[in-house]
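my questions concern the predicted model and sequence given below.
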Amino acid sequence: MAGTATDTPHTLGASKTLWELVERRAALTPDRPVLLQGERSLTFAELRESGERVAAGLYGMGVRPGTVVAWQLPTRIETALLTFALARIGAVQSPVIPFYREREVGFALRESKAEFFATPGTWRGFDHTEMAGRLGARGVFEAYEDLPRGDPSVLPPPPADGTAVRWIYWTSGTTSDPKGVLHTDRSLIAGGSCLAHALRLSESDVGSMAFPYAHIAGPDYTVMLLLYGFPAVMFEQFALPDALAEYRRHGVTVAGGSTAFYSMLLAEQRKHRGPGPKVIPTLRLLAGGGAPKPPELYHAVVREMGVQLTHGYGMTEVPMITMGAPDDTAEHLATTEGRPPEGMSVRIVDAEGNRLPAGVDGAVRLRGEAVCRGYLDPARTAESFDADGYLITGDLGHVLPSGHLVLTGRAKDVIIRKGENISAKEIEDLLHTHPSVQEAAVIGLPDAERGERVCAVVELRDGADGLTLPEVTAHLRGEGLTTFKLPEQLEILDALPRNETLRKVLKYKLRERFGAPRPH
């Protein structure tokens, strides 16, 4: 299949399958780089040609259309090649985050019924191949540096149906067994298209992948590269300030990943202790999603880093739901998650499932091409979609008359104190305006008298002299917070517990640590 002179990012987004998208982009701009890592690079033509050779090697191993192949690999060029080779065959892929261990990996292998399992061998001091053996994984092979290769003439035609389930992604599984989320090529293309079109990128941009490629953000981001024809720098291990050299060397213009990445880059900028050169001179845009963004963080990034910040809303089940656009107003960029793209329906409903008007808070439900097909567990699928086919997200929020979505928290993140509902996110946003606070998380803890009490857990900025509960409550009162919402407990940590994917705060760990009931 060849690209045409009339192809645009929007027409490329209509590709039926991921492999069709690869072919069309390779025909349009074969010699432009798509992936950069250290001294290495991969062009769009090499992605297509090497992808076919790797697909032939996998086919020689016995991988066929519909074969379930699990892989637990870091963010590397080889990982991208492997995943597109599997897409060329039409295999079913089950990506596993490389930081997961026996419980999560064993569960994913069993539930997906994987017939093959690709590992990185020993990576960051841990022997993944040995773990695979202990778990009784089938078809184990290492795919860190050397990938199987063969003659593409042995391959069957590429898959033509983009609506077949070919991806099984896994939710974090921090409080229970992970959920296997079912995606199609089309749902991933739809999610990536939403991200790409909202950010208004061009061929002259240079992106970055500072997150696990096995996360749903992996294909989301790669679709964006294929649509717009620009490259991204891949980070196998991301840490600051070490990663700054790669950002500068490749001239990265767009960076991000999640709220935690914004905060880390902002902290690097603040090391100058005043106006100074940008930590990444070419950077013009931070973008991401996956976790709440306090409005003050938006304003601090724009003010102190001299770049724009656009934030979005996504989840494993729906990789991109809404996204802020660079030409949105500062108020919308600071306080909303952006607008949904064409084809994504956001419905806000009350407790009975009745649709609510603009501006009224309720439960967020979603329907559109980017929404997953359900879960491996049919019972979970049945309970997660309403009668109209909308996904029940568990998030709370409202839609503005402009169409922008405002998230106000998670249903399970609502603290009920003496019968009054309190939004943890509202308090977190105000805590971020305190000059001593770097990061904040608010949780509800069991309380014999109140039902739940409000507990604020914070990280302090470098150089802060400390913080007391009276200082916190005085600040929140000054910001206009209602008295019954004020924290009754303050905990200060060197670092909030986070997961290894998009660095989300693990509130269940905070509840476990600080949740002992207080006496009457």
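Alright, I've got the coordinates. Numbers count the residues shown, from 1 in each chain.

let me see the domain layout of the protein.
9-186, 239-410, 418-514 (automatic domain parsing).

between those domains, which one is nearest to Gly218?
domain 9-186 (7.1 Å; Cβ to Cβ). All C-beta spots, glycine's among them, are computed from the backbone N, C-alpha and C.

and the closest one, how far apart are its ends?
15 Å (Cα to Cα, to the nearest Å).

now do stretch 411-423
End-to-end for stretch 411-423, by Cα to Cα: 9 Å.

same check on stretch 327-343?
Terminal residues of stretch 327-343 lie 21 Å apart, using Cα to Cα.

show me the shaky parts of the chain.
1-6, 172-176, 273-275, 419, 448, 500-502, 516-520 (pLDDT under 70).

report the longest helix in it, please.
helix 44-61 (DSSP state H).

any figure for the gap between Pro178 and Met305?
35 Å (Cβ to Cβ, to the nearest Å).

buried sites along stretch 55-68?
Going by neighbour count (16 or more other Cβ atoms under 10 Å), the buried part of stretch 55-68 is Ala55, Ala56, Gly57, Leu58, Tyr59, Val63, Thr67, Val68.

just flag the most distant two among those residues.
The most distant members of those, if one measures by Cβ to Cβ, are Ala56 and Val68, lying 19.4 Å apart.

and Thr473, what is it in contact with?
Leu486, Pro487 (Cβ atoms under 8 Å, 6 or more residues apart in numbering).

doesn't it belong to a helix?
Yes. Counting by DSSP: H, G, I helix; E, B strand; the rest coil, Thr473 is part of a helix.

thinking again about what came up before, from the buried residues of stretch 55-68, pick the one nearest Leu182.
Within the buried residues of stretch 55-68, the smallest distance to Leu182 is 12.0 Å, found for Val68 (Cβ to Cβ).

that closest one against Lys113, yeah?
Yes. Here Val68 reaches Lys113: they are 5.8 Å apart, a contact under Cβ atoms under 8 Å.

before we move on, the earlier item: nearest to Val96 among the buried residues of stretch 55-68?
Comparing these against Val96 with Cβ to Cβ places Val68 closest, at 12.2 Å.

Gly306 reaches Lys278, doesn't it?
Yes. Counting by Cβ under 8 Å, Gly306 touches Lys278, with 5.8 Å between them.

any idea which helix or strand comes after the longest helix of the chain?
Per DSSP states H and E, the first helix or strand lying C-terminal to helix 44-61 is strand 68-71.

which strands or helices does that next one pack on?
For strand 68-71, the elements it packs on are helix 77-89, strand 92-95, helix 102-112, strand 116-119, judged by 3 or more Cβ pairs under 8 Å, 6 or more residues apart in numbering; DSSP states H and E.

list the contacts for Asp161?
When contacts are counted by Cβ under 8 Å, 6+ apart, Asp161 touches Lys16, Thr17.

that one falls within a strand, correct?
No. Going by three-state DSSP, the assignment for Asp161 is coil, not a strand.

what's the distance between it and Gly257?
Taken as Cβ to Cβ, the span from Asp161 to Gly257 is 32 Å.

save the helices and strands packed on strand 68-71 as a markdown table, and put in mean neighbour count and distance to Ser384 too.
Listed next are those as a markdown table, based on neighbours: other Cβ atoms under 10 Å; distance: least, Cβ to Cβ, whole Å:
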| stretch | mean neighbour count | distance to Ser384 |
| --- | --- | --- |
| helix 77-89 | 25 | 26 |
| strand 92-95 | 24 | 19 |
| helix 102-112 | 18 | 16 |
| strand 116-119 | 26 | 28 |
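
assumed Gly466 was part of a helix.
No. Going by three-state DSSP, the assignment for Gly466 is coil, not a helix.

where do the helices of the stretch 201-350 of the chain begin and end?
217-228, 244-250, 259-270, 295-305, 330-335 (DSSP state H, counting those that start in this stretch).

what's the last one packed up against?
Right, the one you point to is helix 330-335. helix 295-305, strand 308-315.

so which of those comes closest to Arg417?
Nearest to Arg417 among the helices and strands packed on helix 330-335 is helix 295-305 (23.9 Å), distances taken as Cβ to Cβ.

where exactly do the strands run in the stretch 401-520 of the chain?
Using DSSP state E, counting those that start in this stretch, the strands of the stretch 401-520 of the chain run over 405-410, 414-417, 420-423, 437-447, 451-460, 489-492.

which among the ones you listed is found nearest to Gly290?
Per Cβ to Cβ, nearest to Gly290 of these: strand 405-410, 12.0 Å.

quick one: contacts of that closest one?
For strand 405-410, using Cβ under 8 Å, 6+ apart, the contacting residues are 292, 313, 321-322, 335-340, 346, 361, 364, 394-400, 423-426.

which residue ranges of the stretch 251-400 of the chain form strands?
Under DSSP E, counting those that start in this stretch, the stretch 251-400 of the chain gives strands at 254-257, 285-288, 308-315, 318-323, 344-349, 362-368, 374-375, 391-399.

now the ones you listed in JSON lines, with distance to Gly218 and mean neighbour count?
As requested, those are exported to JSON lines (distance: least, Cβ to Cβ, whole Å; neighbours: other Cβ atoms under 10 Å):
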{"stretch": "strand 254-257", "distance to Gly218": "11", "mean neighbour count": "26"}
{"stretch": "strand 285-288", "distance to Gly218": "14", "mean neighbour count": "22"}
{"stretch": "strand 308-315", "distance to Gly218": "13", "mean neighbour count": "24"}
{"stretch": "strand 318-323", "distance to Gly218": "10", "mean neighbour count": "28"}
{"stretch": "strand 344-349", "distance to Gly218": "20", "mean neighbour count": "18"}
{"stretch": "strand 362-368", "distance to Gly218": "20", "mean neighbour count": "22"}
{"stretch": "strand 374-375", "distance to Gly218": "20", "mean neighbour count": "20"}
{"stretch": "strand 391-399", "distance to Gly218": "21", "mean neighbour count": "20"}
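
export these to CSV and append columns for distance to Arg149.
As requested, the strands of the stretch 251-400 of the chain are arranged in CSV below (distance: least, Cβ to Cβ, whole Å):
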stretch, distance to Arg149
strand 254-257, 32
strand 285-288, 35
strand 308-315, 34
strand 318-323, 30
strand 344-349, 39
strand 362-368, 38
strand 374-375, 35
strand 391-399, 40
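
to Gly136, which of these lies closest?
That would be strand 374-375 among these, by Cβ to Cβ, at 23.9 Å.

okay, now the sheet partners of that closest one, with direction.
Applying DSSP bridges, strand 374-375 is found paired with strand 180-184 (antiparallel).

quick one: the strand it pairs with to strand 318-323, angle?
Counting by axes from the mean of the first three to the mean of the last three Cα atoms, to 10 degrees, strand 180-184 lies at 70 degrees to strand 318-323.

helices or strands next to the helix or strand following strand 180-184 in the packing?
Sequence-wise, the next helix or strand downstream of strand 180-184 (DSSP H and E) is helix 185-199. Here helix 185-199 touches helix 9-12, helix 18-28, strand 165-170, helix 217-228, strand 285-288, strand 308-315, strand 318-323, going by 3+ Cβ pairs under 8 Å, 6+ apart.

Leu227 versus Phe8, what's the distance?
Just so we're on the same page, residue 8 is Thr rather than Phe. Distance of Thr8 to Leu227, computed by Cβ to Cβ: 9 Å.

more neighbours, these two?
Leu227 (26 against 11; other Cβ atoms under 10 Å).

my guess is that one contacts Pro9. True?
Yes. Counting by Cβ under 8 Å, Pro9 is a contact partner of Leu227 at 4.2 Å.

picking up where we left off before, okay, the helices of the stretch 201-350 of the chain, which one's buried deepest?
Mean neighbour count (mean count of other Cβ atoms under 10 Å) peaks for helix 217-228 among the helices of the stretch 201-350 of the chain, with a mean of 25.
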